[in-house]
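1. Fold the following, please.
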Amino acid sequence: MKIALPSQLRSVSDKALLASLESDMTKVEARISEATSHAEKIVDSMSSHLARAGGKRMRPVLTLLTSHLGTAGTEDVLDAAVVMEITHLATLYHDDVMDQASTRRGVETAHLVWSNNLAILTGDLLFARASNLVSGLGQEALELQAQVFEQLVLGQLHETLGPGEDENPIDHYIQVLLDKTGSLIALAAQLGAMLSGADDSYQKPLEEFGHCVGVAFQLIDDIIDIESTKSQSGKVSGTDLLAGVPTLPVLLLEGHSDQASLQLLAEISDGLTEQSLPGVLDRLRAHPVMEEARLETKKWAEKAIAAIVPLPAGKVRTALEAFASAVVDRKG
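-> Numbering: from 1, shown residues only. Purely as a prediction, here's the structure:
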């Protein structure tokens, strides 16, 4: 079975590299299926629920990609790619409970199918599976995974608490994104290089690249939530707004003091309904904050590309540059 690579790699022209990634992702996909299965039928249904629903598989592909800086396709690299996806899946089970989301990857969320408690426990089970796998990849990989696990939890904790009294809300939001999304993408990039025997000097550039790509990825989600139609993204516009989830355009709106902006912000802050949402979306789409958000998103993609200048010129760096650029161009 041929595995489709993430859209972020569509502009990569190196056919041999793409063929290698597709071949290795077929192996990784089989291992993901094995790692999320369980002998007990009900546990198997829960633990494999999101894995079977598909997904972009962006993190494992990034691990495979950076492994081409060394000896690609080793058993350790394949296992690291699986660890990245299982860890990501675990966070989704928890996030959906926190956000009370109704769908994920086109299927009903686990907490609605089985309950909040069981969804959280299933996420914990997947974290345990990931920890078991990474324990066989060496002390350094284990330590990095543990550090990122802490960042993931802190990111969710800080998002829930909100910014402090003297904290800039946008700075707080960016830090949450760095922890919740950037940390795992950074680890995915680092592990591929590390476990393939690539030069240790590549670690810092790849870590910075992953952090910046993670922020850009989430910021473009904020724009997509407001601008895109369901036919473009597969999502209903304004779901984050309706749920009261902070997004960059709304945070930027707080920096505008004209009457129209203040009124729009007040309507959003007071809580939207399905009836009031379309009008608010129309006004937001026409507001300068959308262009401000695009510029901020592009800045993070450019920072990601700048971070990997120390990497050797060649197919991997070119693919990573295309990856970062494509993140901010996506529509869904």
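2. Check the spacing between the residue most central in space within the chain and Leu78 real quick.
-> The centroid of the chain falls nearest to Thr181 when counting by C-alpha atoms, centre = their mean (4.8 Å). In this structure, Thr181 and Leu78 are 23 Å apart, going by C-beta to C-beta, to the nearest Å. The way it works is simple: take the backbone N, C-alpha and C, and place the C-beta from them, glycine included.
3. Ser257 now?
-> 54 Å.
4. Pick out whichever of those two has more residues nearby.
-> Of the pair Ser257 and Leu78, Leu78 is the one with more neighbours under other C-beta atoms under 10 Å, namely 22 against 7.
5. Tell me which other helices or strands whichever strand or helix holds that one touches.
-> Secondary structure from DSSP states H and E places Leu78 in helix 75-99. For helix 75-99, the packing partners by 3 or more C-beta pairs under 8 Å, 6 or more residues apart in numbering; DSSP states H and E come out as helix 15-35, helix 49-52, helix 58-66, helix 110-113, helix 116-134, helix 139-161, helix 183-195.
6. neighbours around the residue nearest to Val113 when sequence neighbours are not counted, how many?
-> Nearest residue to Val113 in three dimensions, chain neighbours excluded: His49, at 7.2 Å (C-beta to C-beta, 6 or more residues apart in numbering). His49 sits with 23 neighbouring residues when counted by other C-beta under 10 Å.
7. Next up, the contacts around His49.
-> Going by C-beta atoms under 8 Å, 6 or more residues apart in numbering, His49 touches 107, 110, 113, 122.
8. show me the residues around the last one that make contact.
-> This means Thr122. Taking C-beta under 8 Å, 6+ apart, one finds 43, 46-47, 49, 93, 110, 114 in contact with Thr122.
9. what's the pLDDT at the nearest residue to it once chain neighbours are set aside?
-> Of all residues not flanking Thr122 in the chain, Met46 sits nearest, at 4.4 Å (C-beta to C-beta, 6+ apart). At Met46, the pLDDT value in this model is 87.
10. Ok, the one 3 residues further on next?
-> His49 carries a pLDDT value of 87.
11. try Ile42
-> 86.
12. Please tell me how far it sits from Asn132.
-> On the measure of C-beta to C-beta, Ile42 and Asn132 end up 21 Å apart.
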